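[1] Make a model of this:
(one chain, ligands or ions: 1)
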Amino acid sequence: MRVIIIGNGLAGTIAAKTLREQDRTVEIDVFADEKYHYYPRPNLIEFLAGNLPLERIFAFPEEWYSEQNVNVHLEKPGIRIFPDSKEIEVAGGKREKYDFLVLANGSLAFVPPIKGAEKQGVFTLRTLDDAFEILDYLKNRRRVTVIGGGLLGLETARAVKSRDVKVEVVEFFGHLLPRQLDPQGGSLLKGQIEKMGINVHLGLACEEVLGQDSITGLRFKGGREIQTDVALVAAGVRPNLRIAQEAGLETDRGLVVDDYLQPSHPDIWAAGDITQHAGRVYGIIPASFNQARIAALNVLGQRQKYEGTIPSNTLKVVGIDLTSVGMVNPEDGSFEELRVENADKGTYKKIVVKNGEVCGLICIGTKKGVSEISRLISRKANVEKWKDSLLEDDFDYSVI
Ligand SMILES: Cc1cc2nc3c(=O)[nH]c(=O)nc-3n(C[C@H](O)[C@H](O)[C@H](O)COP(=O)(O)OP(=O)(O)OC[C@H]3O[C@@H](n4cnc5c(N)ncnc54)[C@H](O)[C@@H]3O)c2cc1C
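    Numbers count the residues shown, from 1 in each chain. Below you'll find the model as predicted:
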C-alpha cells in the first residue's frame, strides 16, 4: 500500500510519523514544496530573534527520515491531483500513483490589498526562506513596522526588537490580539508591549507602501504616515486551495472535510491549516496535530472521528504571560462574562460562562488557574455554584 502526503509541514510530518508508528510496511512518500525538512514554524520567531541557531530549527535529524523509511521529496510540490486514477502530478511532470492521499499543504501568509505591497522591504514570515530574506534586508536598516497586532505580529515585533531596531506595530482593530482578547485585556497588553519599547498604533488601516522601488514609509486611511525601512505583514493566513479546487474537491474558506477528515472523495484525507471542519478553519498547531493523527489512523482503516479542537493560544513574548482559550468575545447576551483586574500587578482574568459551563478564558500577567480552568473547559464541567469565586487566586479547583 502506498500513501502519498502532499506537504511536509506539521500536519504532513505528523501524518507520516503516525502511519509509520502504526504500520511498518506501508510505503510513505511525502512531496514537499520547500527545500528543507520539517521545522516547527514557531522556531522561526526564535531564529529571527537570534535565540536559536539554524541547526536547531529542524524537528528531526536527517537520518530520522531514512530510519523511519519515510521518503521525503524536497522541492517536488504536487501540482495536480487526479482523484479518479489515484495519481498526482509533481513539479517536472512525473505522475505518481497512490492508494491513499493525504492533503497537508497548509496555508500561505495573507497580504491585504495594499498599494505598492510588492516593493522591496515588504515581507511576510511563513517559511525559513522568508526569515533569511528578512534578516538579510534588516542588516543596514533601523526602522521596522509590523502590520498586524495579532499573535504572530506581536511575536515578530518582539523578535526583531531584539535585533536593536526601532519597532512599531499597527493594528486595524481597536485593540491588540482582536481574536484572543477583549478590549479590556487588549488595553492592558498594549501598555505591557509599549513598556518593551515597541510603539503600538490602533485602528489604522494601511493603504499604501511609500517609496520608489523600496519602502520608505506607509500611508494609512485618513492620510497618516509612518516612516519605515521595513514592513512585516502579519495579517493572517489563507489555506492553499488551488490543487484541491482544480481536482473538484469542495472548498469554502478551507478544504471542506467531514468528521473523518475526508473531503468529498473516498481515497483522500486532509489535515492541518488547509482544512475546514464544521465551518472552522483553525490555523493553529493543536488542531493540525490532532487532525494529522486522526487522518493517518483513518487511512489505515480505523474510523476515528475528529470532534474539533478548543483553540488555546499563548503569547510567546518574554516577560508577558498571556493565555486565551475558547470563546472569549461572545456575540450575544446568552453568555456571562466574569472579570478580575489588578492594575497594580498588571493582571487580568476573565471567564465566559454559558448554561453553567465555562467556555472561554483570558488570563494576562499570571498563569494561576490557567491549566485548571482549561481542563474545566475541555470537560464541559458545570461551575454554576463556583463561578463567582473561580478567578480567585486561592480557589481550590479540586472541589469541582
Ligand atoms: C512564525 C509562525 C509562528 C507560529 N506560531 C504558532 C504558535 O505558537 N502556536 C500555534 O498554534 N500556531 C502557530 N503558528 C501556526 C502553525 O505553524 C500552523 O498552524 C501549522 O504550521 C500548520 O501546519 P500545516 O502542516 O497544516 O501547514 P504548513 O505549516 O503551512 O505546512 C504546509 C507545507 O506544505 C507545503 N506545500 C504547499 N503546497 C504544496 C504543494 N502543492 N506540494 C507540496 N507541498 C506543498 C508548504 O510549503 C508547507 O511546507 C505559527 C505560524 C508561523 C508562520
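[2] Please see if stretch 170-178 touches the ligand.
    No. Figure legend: stretch 170-178 not in contact with the ligand (Cβ under 6 Å from any ligand atom); closest approach 12.9 Å. In short, each C-beta sits where N, CA and C put it, glycine included.
[3] in that stretch, what's buried?
    170-173, 175-178 (16 or more other Cβ atoms under 10 Å).
[4] which bits of this structure sit near the ligand?
    Near the ligand, when you scan the chain using Cβ under 6 Å from any ligand atom, you find 6-12, 31-34, 41-42, 44-45, 77-78, 104-107, 125-126, 152, 240, 243, 272-273, 283-285, 288, 316.
[5] returning to that earlier point: filter the buried residues of stretch 170-178 down to just the ones in strands.
    Among the buried residues of stretch 170-178, the ones falling in strands (DSSP state E) are 170-171.
[6] Return the member of the buried residues of stretch 170-178 nearest to the ligand.
    Nearest to the ligand among the buried residues of stretch 170-178 is Leu177, at 12.9 Å by Cβ to the nearest ligand atom.
[7] which residues sit in contact with the closest one?
    Going by Cβ atoms under 8 Å, 6 or more residues apart in numbering, Leu177 touches 149-151, 154, 185-186, 189, 315, 322, 324.
[8] which pair in the buried residues of stretch 170-178 spans the largest distance?
    Val170 and Leu177 (14.0 Å; Cβ to Cβ).
[9] Give the intersection of the neighbour lists for the two.
    Contacts common to Val170 and Leu177, judged by Cβ under 8 Å, 6+ apart, are Gly149.
[10] Glu67 and the ligand, how far apart?
    22 Å (Cβ to the nearest ligand atom, to the nearest Å).
[11] Could I get the pLDDT score of that residue?
    For Glu67, the pLDDT comes out at 97.
[12] Ok, the one 5 residues further on next?
    Turning to Val72, the model gives it a pLDDT of 98.
[13] Which residue comes closest to it once chain neighbours are left out?
    Val30 (4.6 Å; Cβ to Cβ, 6 or more residues apart in numbering).
[14] got the buried residues for the helix or strand harbouring that neighbour?
    Secondary-structure element containing Val30, defined by DSSP states H and E: strand 27-31. For strand 27-31, the buried set under the neighbour-count rule, 16+ other Cβ under 10 Å, comprises 28-31.
[15] For it, output the C-alpha coordinates as PDB.
    Extracted C-alpha coordinates of strand 27-31, given in PDB (Å, rounded to 0.1, in the frame of the first residue of the first chain):
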ATOM      1  CA  GLU A  27       5.100   2.900   1.700                       C
ATOM      2  CA  ILE A  28       5.100   6.600   2.600                       C
ATOM      3  CA  ASP A  29       6.000   9.300   0.100                       C
ATOM      4  CA  VAL A  30       5.900  13.000   1.200                       C
ATOM      5  CA  PHE A  31       6.000  15.600  -1.600                       C
END
